[in-house]
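1. predicted model, plus sequence, below.
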Amino acid sequence: MEIEDIYSKLTANFLEQLKNQKISAIVKKSIQPYKELMSYYKCAMMEVETKFTVLSEELSMQYDRNPIESIRTRLKSPESIREKMVRKGYPLTVDSIEKNLHDIAGVRVICSFPSDIYALADSILDQDDIKLIEKKDYIKNPKANGYRSLHLIIEIPIFLHDHKKLMKVEVQLRTISMDWWASLEHKIRYKKGLPNSDFIEKELIECAEMGSAMDARMERLHNIATELIEENP
Ligand code: 0O2
């Protein structure tokens, strides 16, 4: 190999390396703020989960019953964030994600009875570091497909080493029956290649109504049982 060939090969290699380093620096530069934002959402989500855990502990001591069956948390996946940003026509930047999406951090609280949902929502919204941004009551006004839950978008502060940051968290409160309906409806509706079916839609609405009637019936039974205990101490 001629000395010029060796020289030009080395130069090409060097330029290629430089290009790769630049690309990786650019990728790193844009990924870092996204990772930071996600970690802030994770902290806010943990704060809200802790608030519900504290309420659950306190209420079970006070009333000898825990109104919270379970608490689940989730951070929206990058694919899901991207899909929603594109669907809503928002620019795909970290600032725009923070400004436009309010459900990146999600806390789902599964309650025993419908009245527990409203009691817990009132308790959390009464706390002075919580601000209500938006409330959607899909229990009083169920979605056309039968979906029921109480959705709250709340703002909560997280305390970082040198400043405080206000983060939004979506809280979904539901009963056990609203939760099983939503989980199974999601599985049925998102089955690959499912064509529109009036039959499935009608059946799902009917199942949701049956679940709602059972919730009301169980709550009535629970109230009767409580009264019976009070009358026969
Ligand atoms: P995931 O996996 O829970 O994140 P959008 O409907 O997303 O365009 P918006 O206003 O955020 O806009 O919706 P909304 O009505 O407040 O509800 C958002 C979330 O509620 C959904 O999140 C679901 O978790 C739940 N949800 C709402 N409607 C239904 C429904 O018909 N069936 C079921 N199973 N869940 C529902 P994601 O982002 O869809 O999913």
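-> Arrived safely.

2. work out the gap between the strand or helix carrying residue 20 and the centre of the chain.
-> For residue 20, the host element (DSSP states H and E) is helix 3-63. Mean-position distance between helix 3-63 and its chain equals 20 Å (C-alpha atoms, centre = their mean, to the nearest Å).

3. what of stretch 185-194?
-> The chain centroid and the centroid of stretch 185-194 are separated by 20 Å under C-alpha atoms, centre = their mean.

4. so does it get close to the ligand?
-> Yes - using C-beta under 6 Å from any ligand atom, we find that stretch 185-194 touches the ligand at 185-186. Heads up, the C-betas are built off the backbone N, CA and C, glycines and all.

5. tell me the buried residues in that stretch?
-> By 16 or more other C-beta atoms under 10 Å, the buried positions in stretch 185-194 come out as residue 185.

6. also stretch 51-67?
-> Of the residues in stretch 51-67, 51-52, 55-56, 59, 67 count as buried by neighbour count, 16+ other C-beta under 10 Å.

7. show me what the helix holding residue 20 is packed against.
-> In this structure, helix 3-63 makes packing contacts with strand 68-75, helix 94-100, strand 105-111, helix 114-126, strand 150-159, strand 164-175, judged by 3 or more C-beta pairs under 8 Å, 6 or more residues apart in numbering; DSSP states H and E.

8. got the CA positions of the first one in PDB?
-> Extracted as PDB, the C-alpha positions of strand 68-75 are listed here (Å, rounded to 0.1, in the frame of the first residue of the first chain):
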ATOM      1  CA  ILE A  68     -58.100   0.900  49.400                       C
ATOM      2  CA  GLU A  69     -57.800  -2.600  47.900                       C
ATOM      3  CA  SER A  70     -54.600  -1.800  46.000                       C
ATOM      4  CA  ILE A  71     -52.500   0.900  44.500                       C
ATOM      5  CA  ARG A  72     -50.600   0.600  41.200                       C
ATOM      6  CA  THR A  73     -48.300   3.100  39.500                       C
ATOM      7  CA  ARG A  74     -46.900   3.400  36.000                       C
ATOM      8  CA  LEU A  75     -44.800   5.700  34.000                       C
END
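
9. hmm, that strand in reach of the ligand?
-> No - applying C-beta under 6 Å from any ligand atom, one finds strand 68-75 separated from the ligand by no less than 6.8 Å.

10. and that strand, what does it pack onto?
-> Contacts defined by 3+ C-beta pairs under 8 Å, 6+ apart place strand 68-75 against helix 3-63, strand 105-111.

11. ok and the first one relative to strand 105-111, angle-wise?
-> When you say that, I think you mean helix 3-63. Computed with axes from the mean of the first three to the mean of the last three C-alpha atoms, to 10 degrees, the direction of helix 3-63 lies at 30 degrees from that of strand 105-111.

12. spatially nearest residue to residue 188, not counting backbone neighbours?
-> Closest residue in space to residue 188, ignoring its immediate chain neighbours: residue 200 at 6.7 Å, by C-beta to C-beta, 6 or more residues apart in numbering.

13. may I see the buried residues of the helix or strand encompassing that neighbour?
-> Counting by DSSP H and E, the element that carries residue 200 is helix 198-231. Using 16+ other C-beta under 10 Å as the test for burial, helix 198-231 gives 204-205, 207-208, 211-212, 215, 218-219.
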